[in-house]
Each structure stands twice: as structure tokens, then as C-alpha cells.
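Q: fold the following.
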Amino acid sequence: MRGVEKAAEKRSLFERVVEFISPGPDSRDELIESLADAEQRELIEPESRAMLEGVIRMADMTAGDVMVAAPRMDLLDINAPYDDLLASVIETAHSRFPVYDGERDNIIGILMAKDLLKLQRAPELNLRTLLRPAVFVPESKGLNELLRDFRSNRNHLALVVDEFGSTAGLITIEDVLEEIVGEIEDEFDERDGESGIVSLADGTYRVAGDADIAAVNQSFGVDLPEIEFDTIGGLVADQLGRVPRRGESVDAGGLRFSVMLTRGGAVRWFRVARMPPGSPADEGAA
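A: Numbers count the residues shown, from 1 in each chain. Purely as a prediction, here's the structure:
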């Protein structure tokens, strides 16, 4: 009897999916409601429902909705010394970088971080010979179409241009996939213990945006306020008046919090350094 009921539920869900194919002003919302109902009936897992909803919502999204805006792009200067290029690659921890010549808007190609090793072994090589062609897409390009292009061309990064041909930002295949499956963790996101505080070779620290303020106070021997906020990301955002962007810094309690990585409108990692004694950076914002 239970099997008959399950079959009826599945048929009901299928019928509602068929109804979605027919045009209607509320068809998309109705399908999302049907997915929620299917989850409640244990026909699909919560993770599957979230992914299906991501696919549905992504149909209306464009590259301009998901891109990293041009001012926050991490670029490399073709004329920069090798040591400066290597330092930028290590600090930002990306695998691909747009490279510009002269002005930031003049993108001449994409450099794979691993290709810098070739320069180290053969300094006589010209960096320009290691660049790969840059792919440019309009802001209006749909994410569904962009994902197909990424897969067919085996390309993982595209520059987004506005209607005037200027660089508006960049988008990666990871940015698109995260709209479907949620945030993708990588080795840069790993935690070293529950506190999310990792010491770095240069004497600074990498601190997770959701690290407890109490853990930061204990680790650094400071007295940041714990009354209004639970996490260091919330405290820093309040100091600045908004969510910080990559590369921005905020000084508080004798510490400088520099944004290393943002995802989904929140700071994932800060680089934290102690301020020199006597510096005017107690509770202010930079």
C-alpha cells in the first residue's frame, strides 16, 4: 500500500513538472513550491532540492549578476618584476590571473599561476609567451549559456565587458557552479582547528571571518567587544559600515584586519597583523 502511495506522489510531482513546461506567470514559483513539497514528502533530499532550485533560478541570471567587479579584480602587470608577480600569486592564492599592459583595462591575456615556475627555471623566457588568450563575454550573457561555453572550451575564466567594451569584471566556472551547488570549498578554505586562526610564515595570521571574537581575543591577547557581535566578520563590517571588499583593511584593538577572500557577500578570510606600538589604530577604521 505504501508503494502505491509513493508512486502516486511521484506521479503528482511529475505532473507538476510537466505543468511547469507550459508557460504561465507563476510556473517557476509553483515548481519551486513543488520541490519544497517533494522534500517534505521525502521524495528528494534537501541537498537535491537546493541544487534544483539553483538550476531554476540560474536560468534568469547573467554574467553581470555573478561577476567580480573590475575594481576588486586581482590583476598582474606584464611589466612587473618576477618577485612582485610571485608575491601577488602567493598572497591572493588564485590559479589564473588576467594580465594587463599599461592600464588595468588593457587585458592582454591570462596567466596560469603554475606557468610562473617556467620563468623561474628559464628566466630568459618572455612572460608574454606564457599568456593564454583571454575570453570576453558581455554582462548580459546568461549563466546557462556561459556554463556550456566553459565546459565545451575547457576554459575556467572569462572577462566580462559592458556595453561600451570596457572591462566590467570577471567570472569563473566556480562562480557559476556555486549558484547551483552552493559554496565550493577548496584548500584555501580549510580550517586549522575550530578557531579558524592560522599563523603564516611572515608573522601575520589568517583568520576566518566567522571566527569567534572570544577566540581572537584569546589568541592575540586583545579586548575586542563581544557584546553586540559573535564573529570577527560582524565586528569588522560594523567598524566599516558595510561588508569589506577584498584588499580593504580595518584597524581595531591594535590589530589590522585585511580582507583576503570574500564569498557570497561575506568575508571568508582576513589577514591579521599587529599594529606597531603607539600607532593610532585602537578602535578606528582605516
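Q: now do the strands in this structure.
A: For the chain, the strands defined by DSSP state E occupy 68-69, 76-77, 96-100, 107-112, 136-138, 157-161, 167-172, 197-199, 205-208, 249-252, 255-263, 266-274.
Q: out of the ones you listed, which gets nearest to residue 218?
A: Nearest of these to residue 218, taken as CB to CB: strand 197-199 at 9.4 Å. Yep, even glycine has a C-beta here, placed from its N, CA and C like the rest.
Q: what lines up beside the closest one in the sheet?
A: Strand 197-199 pairs in its sheet with strand 205-208 (antiparallel), by DSSP bridges.
Q: run the chain-centre distance for the strand it pairs with.
A: Centroid separation for strand 205-208 versus its chain: 17 Å, with CA atoms, centre = their mean, to the nearest Å.
Q: mean confidence for it?
A: For strand 205-208, mean pLDDT rounds to 86.
Q: export that strand to PDB, keeping only CA atoms.
A: C-alpha atoms of strand 205-208 as PDB (Å, rounded to 0.1, in the frame of the first residue of the first chain):
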ATOM      1  CA  TYR A 205      47.800  35.400  10.700                       C
ATOM      2  CA  ARG A 206      44.900  34.100   8.600                       C
ATOM      3  CA  VAL A 207      41.700  34.400  10.500                       C
ATOM      4  CA  ALA A 208      38.300  33.100   9.300                       C
END
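Q: follow-up on the earlier one: export the strands of the chain to JSON lines and tack on distance to residue 215 and mean neighbour count?
A: Supplementary listing: the strands of the chain in JSON lines, determined by distance: least, CB to CB, whole Å; neighbours: other CB atoms under 10 Å:
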{"stretch": "strand 68-69", "distance to residue 215": "29", "mean neighbour count": "16"}
{"stretch": "strand 76-77", "distance to residue 215": "35", "mean neighbour count": "18"}
{"stretch": "strand 96-100", "distance to residue 215": "33", "mean neighbour count": "21"}
{"stretch": "strand 107-112", "distance to residue 215": "36", "mean neighbour count": "20"}
{"stretch": "strand 136-138", "distance to residue 215": "42", "mean neighbour count": "16"}
{"stretch": "strand 157-161", "distance to residue 215": "35", "mean neighbour count": "22"}
{"stretch": "strand 167-172", "distance to residue 215": "31", "mean neighbour count": "23"}
{"stretch": "strand 197-199", "distance to residue 215": "7", "mean neighbour count": "16"}
{"stretch": "strand 205-208", "distance to residue 215": "9", "mean neighbour count": "21"}
{"stretch": "strand 249-252", "distance to residue 215": "15", "mean neighbour count": "21"}
{"stretch": "strand 255-263", "distance to residue 215": "13", "mean neighbour count": "21"}
{"stretch": "strand 266-274", "distance to residue 215": "12", "mean neighbour count": "21"}
